[in-house]
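# Sequence and predicted structure, then a few things I'm wondering about:
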Amino acid sequence: MFELSKSQKQIVKAARDFAKGEFDKDLAYELEKSRTFPIQVWEKAADLGFIGIHYPEDHGGGGLGLLENVLITEELCHQDSALGYAISHAGFASECLALFASDEIKSRVLPQIAEGKALSGAAFSETQLGAIPLALQTSAVEQNGKWVINGEKTYVINGGAANYYILLCQTDLSVEPADKGRSLILVEADSPGIKVVDCGKNLGGNMVNTADLIFENVRVPASNLIGKIGKGTDYIQRYFDDSRIMDAAQAVGIAAGALDRTLEYTKGRVQFNRRIIDFQVTRHKIAEMATQIELSRIITYKAAWIRDNGKTDSKLCSMAKMTAAQTAVNACNHAIQMFGGYGYMTEYEVERFYRDARMIENSSGNNHIQKDIIAAGIVGKN
């Protein structure tokens, strides 16, 4: 029978208490409106060990697993979708460092992220080529002990705010197929030659900066190579498995938060001399929402547990992400419907939860991409 351990239950309680004590819907509204990262809340979360809990202990982390990180993320997004989303993205793509980087890079960077002193971002996507391109226009050429980087990346999470970027680039322009010539390189954000172009306001997730990055003869030490040269494709595929599980955790939290607000509202709202919650149609909708949330939670926990046990199941990671994201969007949509006109008002939060749910639905590959991965895992690639 599946049950969280005593220490995991304590982590859930600690994250829940923190979110209830530090998250404020008025603060969330103002920060989301102004597109401002919640620095003070992030720093407090780091002080409590909620950032990088799954990093190795000797590199500033808690030495725990992905499941513990899932539990924290779910609770934060449960309390507030926007604040939870922002804090859970503070170390975006830093798992690439924890998994593949040298001890020198890990020791230099991961403690800063875990302690709330630095943000990281992923510079993977390119405008013409999508999130997982077959060829890259951004290149890195090794010259005199330096990587010289030229090119452009689009929709970089924490772009313009991060201290470090994990860059996917072409380090071998002649190899066939082209994706065998890609590598990951750590780039310090203050390196000369980086130009930041703000992507503007998004539908959701607006506390997290998104930007295009232009690299013009940017030079970083050759030792900033993450892992082995030419392994970039393999590394980001491995990273995306974990990323999709974390997307699922955010989605489960958002869906649960929407359900809580719907329960509170329908219990207090009276129509035709009856509480809305007393109508059968409302109770059935609540039942459907709760069931889908529980199913999404179970598959997300299972995917995280499998990863923590050293196994690889990309199809299950995609199943968790797709299922939980759909659940979050549907739950928030139902919440807005049951709130009626109030559902569109910022005061009642569910409209923001809906917008953030849609953001997650398109993260780490939309549902069509997830279905491709799932199908490949079931029937094979050929």
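Good, I have the coordinates. Quantities reported herein were computed from a predicted structural model and do not represent experimental measurements.
# Residue ranges in the stretch 1-150 of the chain under the pLDDT threshold?
Low-confidence segments of the stretch 1-150 of the chain (pLDDT under 70): 1, 128-135.
# what about the strands in it?
Here the stretch 1-150 of the chain has its strands, by DSSP state E, counting those that start in this stretch, at 120-123, 139-143, 146-157.
# With respect to burial, which of the ones you listed scores highest?
strand 120-123 (a mean of 28; mean count of other CB atoms under 10 Å). For the C-beta atoms, the positions are set from N, CA and C on the backbone; glycine is no exception.
# Which neighbouring elements make contact with that strand?
Packed against strand 120-123, as judged by 3 or more CB pairs under 8 Å, 6 or more residues apart in numbering; DSSP states H and E, are the following elements: strand 146-157, strand 164-170.
# export those strands to TSV and tack on distance to Ala320?
Output for the helices and strands packed on strand 120-123, formatted as TSV (distance: least, CB to CB, whole Å):
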stretch	distance to Ala320
strand 146-157	20
strand 164-170	23
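# Identify whichever of those strands lies nearest to Ile336.
Ile336 sits nearest to strand 146-157 of all the helices and strands packed on strand 120-123, at 26.5 Å, using CB to CB.
# and the closest one, how far from the chain's centre?
21 Å (CA atoms, centre = their mean, to the nearest Å).
# Got the confidence number for the residue of the chain positioned farthest from its centre?
What lies farthest from the middle of the chain is Asn273; by CA atoms, centre = their mean that is 43.8 Å. In this model, Asn273 is scored at 87, pLDDT.
# how near is it to Lys285?
21 Å (CB to CB, to the nearest Å).
# Going along the chain, name the strands of the stretch 201-350 of the chain.
According to DSSP E, counting those that start in this stretch, the strands that the stretch 201-350 of the chain contains are 210-221, 225-226, 270-271, 274-275.
# Can you list the strands that the third one pairs with?
When pairs are called by DSSP bridges, strand 270-271 turns out to pair with strand 274-275 (antiparallel).
# re earlier: for the strands of the stretch 1-150 of the chain, could you give me a markdown table that also reports distance to Ser314?
Listed next are those as a markdown table, based on distance: least, CB to CB, whole Å:
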| stretch | distance to Ser314 |
| --- | --- |
| strand 120-123 | 18 |
| strand 139-143 | 27 |
| strand 146-157 | 21 |
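# Now Ile373. Nearest residue, chain neighbours left out?
Ser318 (4.2 Å; CB to CB, 6 or more residues apart in numbering).
# Next up, the contacts around the one you found.
244, 365, 369-371, 373-374, 377 (CB atoms under 8 Å, 6 or more residues apart in numbering).
# what's the most buried one of the strands of the stretch 201-350 of the chain?
By mean count of other CB under 10 Å, those have strand 225-226 as the most buried, with a mean of 22.
# Can you tell me what sits against that one?
Taking CB under 8 Å, 6+ apart as the rule, strand 225-226 contacts 96-97, 100-102, 105, 147, 166, 183-186, 235.
# same thing but at 7 Å, please
Residues from elsewhere that reach strand 225-226 (CB atoms under 7 Å, 6 or more residues apart in numbering): 96-97, 100-101, 105, 166, 183-186.
# I'd like the mean pLDDT over stretch 299-308, please.
Rounded mean pLDDT across stretch 299-308 is 96.
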